[in-house]
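**Student:** Quick one: sequence and predicted model below, then my questions.
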Amino acid sequence: MSLAERIKKDFRSPYGCIFILLAGIRLFFNAVIPLTDKTEARYGEIARLMVETGNWIVPQIDYGVPFWAKPPLSTWICSSSISLFGDHEFALRLPFWMIAILITLLLIPYGHQKKINGLIPGIVLLTLPEFFLHAGVLSTDLMLSFSVALTMMGFWQFLHSEKSRISGLIFFVGIGLGLLAKGPIICVLSFPPLFVWCIRHRISLKRIFQIPWVLGGLLTLLIAFPWYYLMEINSPGFIDYFVVGEHFLRFIDSSWSGDKYGFPKQQPLGIIWAFILAGALPWSFVLLSQLKNGLKKVWNDPWQLFLWLWILWTPFFFTFSKSLIHTYTLPVMIPIALLITHHWTSFKRKKSLLCVAVGIPVLLIGAYFLEPTQKILSNSTDKTLVFHPEVNSSELYAFPFKSYSSQFYSKGKIKIITPYALEKMVEDSTSFSIIIKKRQLEDLSSNVISKLKLLMDRRKDGLYQIK
């Protein structure tokens, strides 16, 4: 039976229905959930600005303000989608959904190798909360995870495939894409586990040198170097900030004052392990039970050890960082799915586990329509404020600062206003709308406050109109 025929058979099974259901649920959320502040709306606005200004070299966080924190690969795919389909949430998230589905489809052969339905690895992956979330969230982490997977699996396939030269080049494609996705962290997350694995299984230097280092190195440079060069030329200081600051200082100093775009993140040491356990539920506890029952077997099994080193290295590295978020665990979700696939036939309650794992995304559909969920979503974005029927986006202001979501949904028209300028506009009887943070109301004069007409009240801010 050919691969195409096997895949067709996979999709005609109940697993095919489950796979399509999970992919459809994620696609539904991609369409109906607004861009939320800060991270997702920020990347959405950067992509929108890239299309509007036509500057595809220097990402901008505001007009004329360069964004140095991340390389542009994720922004490029978002901007390309905007160019084709328009600047709305669904278009922005569509590339991430497509990449996530591509990853799940690329795992089909690993299911066939275990003589099970080829969609099982992808189903497991889509039921991991961390991966399901990133199948439609604007960030750089999914492309980094894809790049790490290409690098790791390219290396594995080079050592175990007849078409080793192609696999070796895939290894370097992963590095190049990783440099454009999130920077040198691609090497930090990939090389150490590969090194340890090679030492454990006594991979000879002769075999390592058979990797097409020259051609592959040139391929990596061809992918990544042009943008880094052009970025530094067009926005001097980027290399120093991005390489030294973002890839060194941020991980050893939680109060790093050089961060231009975020804020110091004080996290307990070791919290990354809790993030992984939660982000991979319910499968994380299944894997722990497998590890407990077979440490020696894992140590002697090249494939299991390869996957475990891939999984464990990332949290081990970030254990000593005080500045991290749960999205840093995303690169280990793919090997977790592969390990679950490896043990699939030995699970006694796999149907029950699958029902629980699939049930969570299904329940989220119902939860979305509940009033508390709608209120949480409304408070996490300024979309409802910008699109209020009495608001003209060209006459919309924010005090004391504007959110990324208000920038995106107003198409960059919202403006920050100072107390003095606000006072002057009130005196001149200018008609406009304004978003004001509640804690800043006391900074306004009684004359201004008396002229404010409340249009929408929220927990931390309000939308007002002055006529």
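**Tutor:** That came through, no problem.
**Student:** mind listing the strands for this structure?
**Tutor:** Under the criterion DSSP state E, the chain carries strands at the ranges 60-62, 65-66, 396-399, 415-416, 432-437, 453-457, 461-466.
**Student:** Neighbouring strands of the fifth one in the sheet, and parallel or not?
**Tutor:** Same thing as strand 432-437. Strands that pair with strand 432-437, judged by DSSP bridges, come out as strand 396-399 (parallel), strand 461-466 (antiparallel).
**Student:** I figured I57 was touching W227, is that so?
**Tutor:** Yes - contact status for I57 versus W227: in contact at 7.1 Å, counting by CB atoms under 8 Å. Glycine gets a C-beta too; all of them are placed from N, C-alpha and C.
**Student:** And the two? Which one has more around it.
**Tutor:** Each of I57 and W227 had its neighbours counted (other CB atoms under 10 Å), and the higher figure belongs to W227 (18 against 14).
**Student:** any idea how far that one is from T418?
**Tutor:** 37 Å (CB to CB, to the nearest Å).
**Student:** circling back to that earlier point, now the strands of the chain as a markdown table including mean pLDDT?
**Tutor:** Conversion of those to a markdown table gives the following (pLDDT from 0 to 100):
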| stretch | mean pLDDT |
| --- | --- |
| strand 60-62 | 92 |
| strand 65-66 | 92 |
| strand 396-399 | 90 |
| strand 415-416 | 92 |
| strand 432-437 | 90 |
| strand 453-457 | 89 |
| strand 461-466 | 88 |
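**Student:** Tell me which of these lies nearest to L27.
**Tutor:** Of all the strands of the chain, the one in closest proximity to L27, counting by CB to CB, is strand 60-62 (28.3 Å).
**Student:** buried ones in the closest one?
**Tutor:** For strand 60-62, the neighbour count (16 or more other CB atoms under 10 Å) marks 60-61 as buried.
**Student:** Out of the strands paired with strand 432-437, which is the most enclosed?
**Tutor:** strand 396-399 (a mean of 22; mean count of other CB atoms under 10 Å).
**Student:** before we move on, back to that, mind giving me a markdown table with the strands of the chain and columns for distance to L218?
**Tutor:** Below are the strands of the chain laid out as a markdown table (distance: least, CB to CB, whole Å):
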| stretch | distance to L218 |
| --- | --- |
| strand 60-62 | 31 |
| strand 65-66 | 29 |
| strand 396-399 | 48 |
| strand 415-416 | 47 |
| strand 432-437 | 51 |
| strand 453-457 | 56 |
| strand 461-466 | 52 |
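**Student:** To T373, which of the ones you listed lies closest?
**Tutor:** For the strands of the chain, distance to T373 was read as CB to CB. The smallest value, 18.5 Å, belongs to strand 453-457.
**Student:** Show me what the closest one is packed up against.
**Tutor:** Packing contacts for strand 453-457, counted by 3 or more CB pairs under 8 Å, 6 or more residues apart in numbering; DSSP states H and E, involve strand 461-466.
**Student:** contacts for the strand it packs on?
**Tutor:** Where contact means CB atoms under 8 Å, 6 or more residues apart in numbering, the residues beyond strand 461-466 that reach it are 385, 388, 390-391, 425-426, 430-438, 451-456.
**Student:** Centre of the chain to the lengthiest helix in the chain, how far?
**Tutor:** In the chain, assigned by DSSP state H, the helix with the most residues is helix 213-234. Using CA atoms, centre = their mean, to the nearest Å, we find the averaged C-alpha position of helix 213-234 to lie 23 Å away from the chain's own average C-alpha position.
**Student:** re the thing from before, so for M333, which of the strands paired with strand 432-437 sits nearest?
**Tutor:** With CB to CB as the yardstick, what comes closest out of these is strand 461-466 (35.2 Å).
**Student:** Compute the inter-axis angle for the closest one and strand 453-457.
**Tutor:** 160 degrees (axes from the mean of the first three to the mean of the last three CA atoms, to 10 degrees).
**Student:** Please list all residues in contact with the closest residue to E395 other than its chain neighbours.
**Tutor:** Closest residue to E395 apart from its sequence neighbours, by CB to CB, 6 or more residues apart in numbering: F432 at 4.4 Å. Under the criterion of CB under 8 Å, 6+ apart, the contact list for F432 reads 395-397, 425, 465-466.
**Student:** Just put these in JSON lines and tack on distance to T373.
**Tutor:** Below are the contacts of F432 laid out as JSON lines (distance: CB to CB, whole Å):
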{"residue": "E395", "distance to T373": "32"}
{"residue": "L396", "distance to T373": "27"}
{"residue": "Y397", "distance to T373": "30"}
{"residue": "M425", "distance to T373": "37"}
{"residue": "Q465", "distance to T373": "28"}
{"residue": "I466", "distance to T373": "33"}
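**Student:** which parts of stretch 429-436 are buried?
**Tutor:** 432-436.
**Student:** So which of those is the closest to V298?
**Tutor:** If you rank those by distance to V298 using CB to CB, I435 comes first, at 54.4 Å.
**Student:** quick one, what contacts K438?
**Tutor:** K438 is in contact with 460-462, counting by CB under 8 Å, 6+ apart.
**Student:** redo that, cut-off 6 Å
**Tutor:** For K438, the contact set (CB atoms under 6 Å, 6 or more residues apart in numbering) comprises D461.
**Student:** now it: how far from P400?
**Tutor:** Applying CB to CB, one obtains 12 Å for the distance of K438 from P400.
**Student:** same deal with F11?
**Tutor:** 54 Å.
**Student:** now do G183
**Tutor:** 32 Å.
**Student:** which of those two has more neighbours?
**Tutor:** Using other CB under 10 Å as the criterion, G183 and P400 rank with G183 on top: 21 against 13.
**Student:** Please report phi then psi for that one.
**Tutor:** Dihedral angles of G183 (phi, psi; degrees, to the nearest 10) stand at phi 100, psi -160.
**Student:** same question, G64
**Tutor:** Backbone phi and psi, for G64 under degrees, to the nearest 10, turn out to be phi 80, psi 0.
**Student:** Now for it, how many residues are close by?
**Tutor:** Other residues within reach of G64, judged by other CB under 10 Å, total 10.
**Student:** Also R439?
**Tutor:** Residues contacting R439 under the criterion other CB under 10 Å number 10.
**Student:** for V358, what are its contacts?
**Tutor:** Going by CB under 6 Å, 6+ apart, V358 touches 18, 127.
**Student:** Now do it against A23, distance only.
**Tutor:** The value you get for V358 to A23, if CB to CB is used, is 12 Å.
**Student:** Hmm, I46 is touching T75, no?
**Tutor:** Yes - at 5.4 Å, I46 counts as touching T75 under the criterion of CB atoms under 6 Å.
**Student:** can you list residues touching both of the two?
**Tutor:** Counting by CB under 6 Å, 6+ apart, the shared contacts of I46 and T75 are P59.
**Student:** okay, the residue nearest to S445 when sequence neighbours are not counted: pLDDT?
**Tutor:** The spatial neighbour of S445 that comes closest, neighbours along the chain excluded (CB to CB, 6+ apart), is E423 at 6.1 Å. Here, the pLDDT recorded for E423 equals 86.
**Student:** what about the helices in the stretch 151-300 of the chain?
**Tutor:** Ranges of helices within the stretch 151-300 of the chain are 164-181, 185-200, 205-209, 213-234, 238-239, 250-252, 271-279, 283-293, 295-300, based on DSSP state H, counting those that start in this stretch.
**Student:** Columns mean pLDDT on top of those helices, output as TSV?
**Tutor:** As requested, the helices of the stretch 151-300 of the chain are exported to TSV (pLDDT from 0 to 100):
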stretch	mean pLDDT
helix 164-181	93
helix 185-200	94
helix 205-209	88
helix 213-234	95
helix 238-239	88
helix 250-252	56
helix 271-279	90
helix 283-293	80
helix 295-300	83
